[in-house]
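# take a look and give me a structure for this.
(2 chains)
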Amino acid sequence: MKNKLFAVWVSLLAAFAAHAVAVDEKPLEDPALEAQARALMKEIRCLQCQNQSIEDSNADIARDLRALIRERIALGDSPENVKSYLVDRYGDWVLLKPPVKSSTYFLWGSPFFVVLIIAFLLVRRKQSQSVAAPLSADEEARLQELLEREQ
Amino acid sequence: MAGEIGHFALLLALMFALVGATVPHIGAARGNAAFMALADRAILAQFAMAAVAFAALTYAFVTSDFSVVNVATNSHTLKPLLYKISGTWGNHEGSLLFWVLNLTLFGALVSWRGRKLPLRFRSRVLAVQSTLILGFLLFIIFTSNPFLRLDPAPFEGNGLNPLLQDPGLAFHPPMLYLGYVGLSVAFSFAVAALIEGEVTPLWARWVRPWALLAWVFLTGGIALGSWWAYYELGWGGWWFWDPVENASFMPWLVAAALLHSAIVVEKRDALKSWTILLAIIAFSLSLLGTFVVRSGVITSVHAFANDPARGIFILAFLAIVVGGSVTLYAWRAPKLAPSGLFGVVSRESALVVNNIFLSTFAAVVLVGTLYPLFVEASGAGQISVGPPFFEYAAAVLMSPLIVALGIGPLLAWKRGNVSRSVQIVFPALIVGFVAAIVLVWRTSGDFVMTAFGLGLAAWLVSSVLLEIANRLRLRKGASIASALRKITRAQWGMSMAHMGLGFILLGITISEAFTTEELTVMAPGDTVDVAGYDFTFEGVAPIVGPNYTAVRGFFTVYEGETILTSLMPEDRVYSNPVMTTTEAAIYPLFSGDLYAVIGEAASSGRWSVRLYFKPMISGLWLGAFMMMVGGVLSLSDRRLRIGLPTGRKARVSGASA
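Numbering: from 1, shown residues only, chains lettered A, B, ... in the order given. Coordinates of the predicted model:
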């Protein structure tokens, strides 16, 4: 795990060596394009800082990726294209929203079938307990005894 | 010297825990009252020893005794006193010791407050609690001893992570731990009930305050952590669905389910084995959260150093506690006496709906948190499960819950009347729809999900108000003041907490959709308009703090011509260890927060800045606060305050109720 992270990191450094000069964080002129870029940034993982998106991270890599996304969107690339470009480079790992495919069906379906399982458990328990078991002979005898003692 | 005292106290605590975890069980099995009564003394002795050990460690931190490895690694002489103290629990070893301190404290409280519990049951509960303490003590002594010495002692320590040097984070972990450990009491009660094979309404009456207390602490801990992220990370984000955040959120969800299902056990003697299961799961998730995240299995900012010996111990301990209690449950729960009956439409059913959705959400958060591990283990590559997934799950599962929440409290126990209840909350339905439609109309259809969220929040808040009004209407003859006084604290507590949820939803929905943000470069004298507020940049000044230097930016905010406030965000560089942090400047208004962050110097005396207006974001903190107040109100209700009828009587009356 650590090694893999390191490899990703090194490849990133290499990939962005050209951009290493501090980039001024400037939104795109066109608000519609900026909105597209921002929506995409929310879905891209900052590779250095564990569970943050690049949209809200101070890390250098996050900043470089923000610059990259803005640049490509400004050049007229569609968000989908930019996304698949990033996935080609870094794998599905870079997406905070896991793609729907055979390995993630279980994940995306989980809210629905877990709710069914738990509902079934709770409702079934209730019904099965609705019927009280009849008293055994011993219990009958004991009940009789108790009732007599009461009187 | 303090180190040796602490170390010695830990070993003594271990001995007492060993006695406390075994002898009372023998006593209960043989009916030996003296053996059973030993449980109380054993737990008090453990508490005393844990307190001595913790005091010794705190002393070492406060006096900067760098001959203790733990202090040398995590403290520094220049650190402010508050963070020297909070440094005690701000590291792996110290946080475990803090856990033990709380486990023993809560055990001692059970012993003190539980004099009226039947001796046999109390001794079982305390013995289970001692077993947990025993496990933690073994873990500390063999793998994570905070009192190890360092020779020669260094002159200076490494210092505490600057991100942790913050009032929000100083109290965030202890609040969470108190919550986790509060759930240990519910767990011990559940296991003891399984061993004894009996769950009575009296049992629920005992468990519920603990679950409620734990939930209040968890709410506070989570809210503090979230608030910290909001002002310290400098991007205005407050929740990242990070594994560690999830680890605290799952027990919170299950504790919320537990404190609702315990009501059903208490009032109606139903849902008994389910409630036991929830108590077991809630604490198991707390353990999972504390341990697995720490062990480095899941990458997270919160993970402490990785050590294989710790990992193996953790797995074994989890297997014993979780596996053992679940096995015991599977074996004993079917033997519990059958539950009371209730109709499909009833308060009980509404609480069942609450339990279904809360526990499903907890399970789905668990699935999402662990899923990357499964996928990687199955060889399908690495994936990330981030906020988009969890937000989807929240929308799918919390929406029906909130709809049901508006009606549930109006239904009667046993058999409710839906049409009458709907009649009462009908105005709330209209308020919700109108709010949603107005929003869609005003934004020309761009914010459908936001409108949905706003509609739900409006529905929830107004239905809570209608429910209070309905309660007043039931006492027609009385004056309003006396009718208000007749509403019990538990009922006020419920209404407060539910309304708090409404405010949180409102805060999330509106701030997510309508935050105004300006990323720009400003020279002194420049003015930028953010959502109608003019931010004028006055310049920067260097600042020297106790263990950091900073650049402080000055902004004056105008609303029209009048000065509203000045904001002074900082960009700090800490010296030990070297690290940069941002301190956002925030000015809360009723309508939302003004939020400023100072970035880096750009060319020719200009500075990069981030300015935000975050509408309604205070709803989050207000809502969390209301939930806590609601919990405390409910805890102080007369029903719980006056204590309980003595064991024997209560059992009889409980059985016939």
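# roughly how far does the residue of the stretch 251-400 of chain B found nearest chain A sit from B:Gly237?
The stretch 251-400 of chain B approaches chain A most closely through B:Gly386 (2.7 Å), counting by Cβ to the nearest Cβ. Quick note: C-beta positions are derived from backbone N, CA and C, even for glycine. As judged by Cβ to Cβ, to the nearest Å, B:Gly386 and B:Gly237 stand 12 Å apart.
# just the pLDDT for the residue in chain A that chain B sits nearest to.
Nearest residue of chain A to chain B: A:Leu96, at 2.7 Å (Cβ to the nearest Cβ). A:Leu96 is assigned 89 on the pLDDT scale.
# what's the burial count for it?
The number of residues packed near A:Leu96 is 25, by other Cβ atoms under 10 Å in any protein chain shown.
# that one against A:Cys46, yeah?
No - applying Cβ atoms under 8 Å, one finds A:Leu96 not in contact with A:Cys46, separated by 9.4 Å.
# hmm, A:Asp56 is touching B:Trp235, no?
Yes - A:Asp56 is within contact range of B:Trp235, at 3.5 Å (criterion: Cβ under 8 Å).
# any residues in contact with both of these two?
Here A:Asp56 and B:Trp235 have no joint contacts, going by Cβ atoms under 8 Å, 6 or more residues apart in numbering or on different chains.
# higher neighbour count, these two?
Taking neighbours as other Cβ under 10 Å, A:Asp56 and B:Trp235 compare with B:Trp235 leading, 21 against 18.
# and the helix or strand hosting B:His260, does that touch chain A?
In the assignment (DSSP states H and E), B:His260 maps to helix B:243-268. Yes - using Cβ under 8 Å from any Cβ of the partner chain, a contact is recorded between helix B:243-268 and chain A, made by B:Pro243.
# which secondary structure elements does the next helix or strand after that helix contact?
Counting by DSSP H and E, the element after helix B:243-268 in chain order, helix or strand, is helix B:272-294. The contact analysis (3 or more Cβ pairs under 8 Å, 6 or more residues apart in numbering or on different chains; DSSP states H and E) places helix B:272-294 against helix A:105-128, helix B:167-196, helix B:201-232, helix B:243-268, helix B:308-318, helix B:324-332, helix B:347-377.
# and of those, who's closest to B:Leu101?
Relative to B:Leu101, the nearest member of the helices and strands packed on helix B:272-294 by Cβ to Cβ is helix B:167-196, separated by 9.0 Å.
# picking that back up, for the helix holding B:His260, name the packing helices and strands.
Going by 3+ Cβ pairs under 8 Å, 6+ apart, helix B:243-268 lies up against helix B:167-196, helix B:201-232, helix B:272-294, helix B:347-377.
# and the ones you listed, which one is worst for confidence?
Taking the mean pLDDT of these, helix B:272-294 comes last: a mean of 87.
# run the chain-centre distance for that one.
13 Å (Cα atoms, centre = their mean, to the nearest Å).
# with just CA atoms, put it into CSV.
Output in CSV follows, covering the C-alpha atoms of helix B:272-294 (Å, rounded to 0.1, in the frame of the first residue of the first chain):
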residue,chain,number,x,y,z
LYS,B,272,-36.1,-6.8,23.4
SER,B,273,-33.6,-9.0,21.6
TRP,B,274,-33.2,-6.3,18.9
THR,B,275,-32.3,-3.7,21.5
ILE,B,276,-29.8,-6.1,23.0
LEU,B,277,-28.3,-6.6,19.5
LEU,B,278,-28.1,-2.8,19.0
ALA,B,279,-26.3,-2.3,22.3
ILE,B,280,-23.7,-5.0,21.3
ILE,B,281,-23.3,-3.5,17.8
ALA,B,282,-23.0,0.1,19.0
PHE,B,283,-20.1,-0.7,21.3
SER,B,284,-18.5,-3.1,18.7
LEU,B,285,-18.5,-0.2,16.2
SER,B,286,-16.9,2.0,18.8
LEU,B,287,-14.1,-0.5,19.3
LEU,B,288,-13.8,-1.0,15.6
GLY,B,289,-13.5,2.8,15.2
THR,B,290,-10.9,3.2,17.9
PHE,B,291,-8.8,0.3,16.9
VAL,B,292,-8.9,-0.5,13.2
VAL,B,293,-8.4,3.1,12.2
ARG,B,294,-5.5,3.3,14.6
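# interface residues of the stretch 101-250 of chain B facing chain A?
So the stretch 101-250 of chain B meets chain A at B:233-237, B:240-243 (Cβ under 8 Å from any Cβ).
# 10 Å instead, please
Proximity of the stretch 101-250 of chain B to chain A (Cβ under 10 Å from any Cβ of the partner chain) is limited to residues B:229, B:233-237, B:240-246.
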